[in-house]
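>>> got a predicted structure here, sequence first:
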Amino acid sequence: MASLRPGATLAHLALYLVAVDLGRLVGSQADGVFFFWPAAGLAALWLMDARSREQVWFSSALLVVGTTVLDVALGVDPLAAVLYGIANLTVGLTVRAFSALTEGTSFWGRLPRRLAKTRDLIDVGIACAVAGAVSAVPGMAAALVNNGSVSGEDLVAWVVRNAASTFIVVTSVLGVLTTVFRAHARNGWAAILTPKLRRYWGLELVTVSVLSIGAAVVMFRNADALPIAYAMIVASIWLGYRFSPVVGGVYTSVFATIAVLYTQVGLGPFGAIEDLTARAITVQVYAFVTSVVVMLLSLGGAERAALYARATASEARATSRAELLDAVMNVMTDGLIVLEGSGEVMMRNPAAEAMMGPRRTTGQDAPDDYGIFHLDGTSIERDDLPHTRALAGELVAAEDILRIDPSTGQQAVLSVGALPLPRPQADGGTMAVVVIHDVTQERTHRRELQAFAGTVAHDLKAPLTGVGSWAEILADQLDELGVNVTAPRSSLRRIETAAARMEQLIADLLAYSQAQSATLSPVSLSLTGMVEQVAREQREVYADVRPVIEHGPLGQVIADRTLLGQLLSNVIGNAVKYVAPGTTPHVLIGSELVGDMLEVRVADDGIGIPRGERGRIFDSFYRASSSGGYPGTGLGLAICARAVERHGGRISAREGLDGRGTTLVFTLPADPRPEPEDQRPGDTTSAEPPPRRVGSATAVR
C-alpha cells in the first residue's frame with residue numbers, strides 16, 4: 001500500500017477532476033469545442049509523479065474511472081466518457097514515456113521531473129506535441145460517439161489544444177517547482193524570483209507584472225480591440241529575460257487564462273473570428289507562443305546566471321590558488337622553472353633566479369652563456385640539457401651540474417631534475433618543469449665523509465691484516481714444536497674467523513656508505529651483461545653447490561655501474577647463499593617494462609623470509625629470523641635498498657614461486673634502446689661453471 005502513495009494519488013485525482021470541470025466550462029458542450037484543457041497537463045504531471053509500477057497502474061485506472069464518472073455526471077455519453085478518460089491517460093503516459101527516454105531511466109521508476117535548462121524545455125515541447133497527436137485517436141472516437149460526427153478541423157483543434165494546454169501547464173508547474181527547490185536559501189525570495197540580484201528588482205517585477213496583466217485585461221475585454229495581441233509579447237519578453245522561471249510560469253498561466261476566457265465569449269483581438277473552432281485554435285497557438293517565449297528566456301537567464309556564478313567561483317578559486325602558488329614558490333628554497341616548448345621561460349621563482357642568474361631568452365643562448373657545465377668543467381651540449389630532454393618527453397632524474405657565475409666566477413654544484421608537462425591549451429604540445437637544488441655543501445660534505453670512510457677503512461684493515469699474518473706465523477711455530485697444541489689451534493681459528501668477520505663488516509660499512517652518499521654517474525648499461533658477470537662470479541664462489549642461475553634478455557637500464565654491481569651481487573648472492581643444506585640453489589631472473597622503469601624480479605627456492613619480516617629486512621643490521629644459522633652482517637639488503645632508492649626505484653620482498661623461497665622485486669630507470677647483440681645471453685642453465693679464480697663477491701643478508 002505504501003508504494004501506491006495514496007495521499008499523493010488522491011491529491012492528484014482531486015486537482016485533475018477540478019481541471020476537467022474547469023476545462024468543460026471554457027467551451028461549448030454542444031459543439032465539443034474547448035478553448036483550453038488543463039486536465040491534459042494535470043494528467044501528465046500526475047503520471048510523471050508515479051514512482052513505481054504499481055503506482056503507475058493504480059493512477060492510470062483511477063484517472064480513467066474519475067474522468068468517466070465526472071463526465072457522465074456532466075451529461076456525456078458513458079462510452080464517450082471512457083474514451084475521453086483514455087485520451088487524457090494517453091497524454092500522461094506519452095509524456096512519462098518520453099521523459100523516461102530522454103533521462104535514460106526506467107519507465108516504471110522515479111522520474112526527475114525538472115525544468116532547469118532550455119534542453120528540458122525542448123524535450124517537454126516535443127513530448128507534448130507527440131502526446132497531443134497520439135491522444136487524438138481516442139479523443140476523436142469520443143467526439144464521434146458524443147457528437148455524431150467529426151471533421152478535419154476538429155482533429156486539428158484537438159491536437160493543438162491538448163499540445164498547447166499540456167505544454168503550458170507542465171512547463172509552468174515544473175518551472176516553479178525546479179526553481180523553488182534549487183534556490184539558495186541564503187538569498188530567499190530573491191533567488192526564487194530573479195536569477196541575478198540587482199537593485200530594485202522587486203519594484204521592477206511588480207511594475208512590469210501590473211502593467212502587462214492590466215494591459216492584457218484592457219485589450220481582451222474590449223469587443224472592438226484591434227488585432228494587436230502579439231504586441232503583448234514585448235512584455236512577455238521583458239519578464240522572461242529579467243526574471244526566473246517561477247515568474248515566467250505564473251505569468252504565462254495567468255496571461256493564458258485571461259486570453260482564453262475573454263476570447264471564448266467573443267472579446268479581445270481574437271473575438272472577431274466567427275468560426276468557433278478557428279477562434280479556439282488561434283488563441284491556443286497564441287498562448288503557446290507566449291509560453292514558449294517566456295519560458296525560453298527565463299530558463300536561458302537562469303542558465304546564464306548559473307554559468308556566471310560558476311565562472312565567478314572558478315575565477316575566485318583560480319585566483320586563490322594562483323596567489324597560494326606564488327606564495328609557495330616565493331618561499332621555496334629550491335629553484336622552480338617552467339618552460340614552453342620553444343625553451344622560453346614562462347615562470348621561475350626567486351630561488352631559481354638566485355641560482356641561475358637573471359632571466360634570458362633560453363632558446364637563443366648556449367649553455368656556457370649561463371655558466372652551466374659538467375662537473376668536470378666540460379661543456380654541456382644543448383640537447384643534453386635537462387629541460388631540453390624533458391621537452392622531448394623524457395623524465396630526467398636529478399643529476400648534478402656545475403654552475404660558474406659568468407660575472408663573479410663563483411662555483412656551485414646544482415642538482416637538476418626535469419619532467420615533461422602536457423600543455424593545458426587546446427593546441428597541445430609539451431612544457432617542461434625544472435627543479436633545481438643547491439647541493440654544493442652537501443657534495444663537499446659527502447666528499448669529506450667518503451675520504452674519511454676510506455681512510456678509516458684502510459686504517460682498520462691494516463691491523464686486521466697484521467692479526468691474520470701473526471696468526472699464521474703462530475700456527476707455523478706451533479707446528480714446529482711437535483707437541484699436542486689442539487687448544488691453541490682452536491683459539492687461532494677463532495681469531496682468524498673473528499678477523500675475517502671484522503674485515504667483512506668494514507667492507508660492508510664502506511659499501512653502505514658509498515651506496516648512500518657516493519656521487520652517481522648514470523650511464524646506459526646492459527642489465528643482461530651485468531647479471532651474467534655476477535652469475536659467473538657466484539658460480540666461482542659457490543662451485544661446490546653448482547648453483548643454477550637462469551635469465552633471458554633483461555634490457556638496458558640507466559644506472560651507476562658501481563651501485564648496480566653492488567645491488568646485483570647482493571641480490572643474486574643472497575639467492576644462492578640462503579638455501580637449505582644439500583640443496584642446489586636455483587635462481588630465476590626476469591624483467592618487465594613498467595612505464596619508464598624496468599621491473600626486475602629475482603626468484604629463488606631458498607629458506608625464504610617470514611611474511612611479517614619482509615618489510616624490515618632492508619633496515620640496517622636487521623637479519624631475518626630464518627637466516628640465524630648463516631653468516632652475515634645485516635647490511636647486504638640495506639645496501640640494495642639504498643642503491644635502488646638513489647636511482648628513483650623501489651624494492652620489496654615477496655613470496656617465492658610456488659610458495660617457496662623469496663622473490664625480490666626492484667625497479668630501475670629503463671633505457672628504451674635495445675641491448676647490444678654481444679650482451680644477449682646464451683644457454684645459462686646447463687653450462688659448466690668456469691674454473692675457480694681468486695676473488696669473490698660475498699653476498700650478505
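It's in.
>>> what residues of the host helix or strand of Ser209 count as buried?
Element membership for Ser209, per DSSP states H and E: helix 201-220. Under the neighbour-count criterion of 16 or more other Cβ atoms under 10 Å, helix 201-220 has Trp201, Glu204, Leu205, Val208, Ser209, Ser212, Ile213, Ala216, Met219, Phe220 buried. In short, each C-beta sits where N, CA and C put it, glycine included.
>>> what's the distance between the first one and Arg242?
What that stands for is Trp201. For Trp201, the distance to Arg242 equals 8 Å [Cβ to Cβ, to the nearest Å].
>>> same question, the last one
Here the criterion is Cβ to Cβ. By it, Phe220 lies 24 Å from Arg242.
>>> check the third one too.
Relative to Arg242, Leu205 is positioned 8 Å away (criterion: Cβ to Cβ).
>>> can you show me the strands along the stretch 351-500 of the chain?
372-373, 396-404, 411-422, 430-438 (DSSP state E, counting those that start in this stretch).
>>> list the buried residues of the third one.
In this case it means strand 411-422. Ala412, Val413, Leu414, Ser415, Val416, Gly417, Ala418, Leu419, Pro420.
>>> which among these gets closest to Phe255?
In terms of Cβ to Cβ, no member of these lies closer to Phe255 than Pro420, at 61.4 Å.
>>> and the closest one, bridged to which residues?
Ala432 (DSSP bridges).
>>> who touches it in this structure?
Ala390, Leu391, Ala392, Gly393, Glu394, Leu395, Thr430, Met431, Ala432 (Cβ atoms under 8 Å, 6 or more residues apart in numbering).
>>> could I get the residues you listed as a markdown table with distance to Gly249 and neighbour count?
Formatted as a markdown table, these follow (distance: Cβ to Cβ, whole Å; neighbours: other Cβ atoms under 10 Å):
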| residue | distance to Gly249 | neighbour count |
| --- | --- | --- |
| Ala390 | 58 | 22 |
| Leu391 | 57 | 21 |
| Ala392 | 60 | 13 |
| Gly393 | 56 | 10 |
| Glu394 | 60 | 16 |
| Leu395 | 58 | 15 |
| Thr430 | 52 | 15 |
| Met431 | 50 | 20 |
| Ala432 | 55 | 26 |
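>>> list just the nearest of the residues you listed to Ala14.
Met431 (65.9 Å).
>>> the closest one contacts Gly393, doesn't it?
No. Contact criterion Cβ atoms under 8 Å: Met431 and Gly393 do not qualify, at 11.4 Å.
>>> thinking again about what came up before, got any residues that touch both of Leu205 and Arg242?
Thr194.
>>> now the nearest residue to Ser212 once chain neighbours are set aside: phi and psi?
Leaving aside its sequence neighbours, Ser212 sits nearest to Ala235 (Cβ to Cβ, 6 or more residues apart in numbering; 3.6 Å). In terms of degrees, to the nearest 10, the main-chain angles of Ala235 are phi -60, psi -40.
>>> wait, Asp77 touches Val145, no?
Yes. In this structure Asp77 lies within contact range of Val145 using Cβ under 8 Å: 5.5 Å.
>>> more neighbours, those two?
Val145 (18 against 15; other Cβ atoms under 10 Å).
>>> give the other helices and strands that the helix or strand harbouring the more buried one contacts.
Element membership for Val145, per DSSP H and E: helix 136-147. Secondary-structure packing of helix 136-147 (3 or more Cβ pairs under 8 Å, 6 or more residues apart in numbering; DSSP states H and E): helix 78-103, helix 152-182.
>>> and that helix, which residues are buried?
Ala136, Pro138, Gly139, Met140, Ala141, Ala142, Ala143, Val145, Asn146.
>>> can you list the weak-confidence ranges in the stretch 551-700 of the chain?
Applying pLDDT under 70 to the stretch 551-700 of the chain picks out residues 612, 615, 620-635, 676-700.
>>> go again with 90.
551-554, 559-586, 594-596, 604-664, 670-700 (pLDDT under 90).
>>> try the stretch 51-200 of the chain
51-53, 71, 73-77, 80, 102-106, 108-121, 142-155, 157, 161, 171-200.
>>> do that again at 80, thanks
For the stretch 51-200 of the chain, the stretches with pLDDT under 80 are 113, 147, 180-198.
>>> tell me the pLDDT of Arg360.
For Arg360, the pLDDT comes out at 58.
>>> wait, Arg279 sits on Pro269?
No. Contact criterion Cβ under 8 Å: Arg279 and Pro269 do not qualify, at 10.7 Å.
>>> outside of stretch 589-605, which residues touch it?
For stretch 589-605, the surrounding residues in contact (Cβ under 8 Å, 6+ apart) are 395, 527, 531, 549-552, 554-555, 557, 571-572, 574-576, 578-579, 583, 585-588, 648-649, 656-657, 660-670.
>>> show me which of those residues are buried.
By neighbour count, with 16+ other Cβ under 10 Å, these hold 527, 531, 549, 551, 554-555, 557, 571-572, 574-576, 578-579, 585-588, 648-649, 656, 661-664, 666-670 as buried.
>>> now, which of the residues you listed lie within strands?
549, 551, 557, 586-588, 662-664, 666-670 (DSSP state E).
>>> endpoints of stretch 338-354, how far apart?
Counting by Cα to Cα, to the nearest Å, you get 16 Å between the two ends of stretch 338-354.
>>> so what does the lengthiest helix in the chain touch, helix or strand wise?
Across the chain, the longest stretch assigned as helix under DSSP state H is helix 276-331. Packing contacts for helix 276-331, counted by 3+ Cβ pairs under 8 Å, 6+ apart, involve strand 33-34, helix 118-134, helix 152-182, helix 233-242, helix 245-264.
>>> out of those, flag the one nearest Ile639.
Nearest of the helices and strands packed on helix 276-331 to Ile639, taken as Cβ to Cβ: helix 152-182 at 63.4 Å.
>>> what angle separates the closest one from helix 136-147?
Orientation check (axes from the mean of the first three to the mean of the last three Cα atoms, to 10 degrees): helix 152-182 against helix 136-147 gives 120 degrees.
>>> mind putting the helices and strands packed on helix 136-147 into CSV with distance to Val331 and mean neighbour count?
Shown next, in CSV, are these (distance: least, Cβ to Cβ, whole Å; neighbours: other Cβ atoms under 10 Å):
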stretch, distance to Val331, mean neighbour count
helix 78-103, 51, 22
helix 152-182, 42, 22
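>>> since that was my last question, I'll sign off now.
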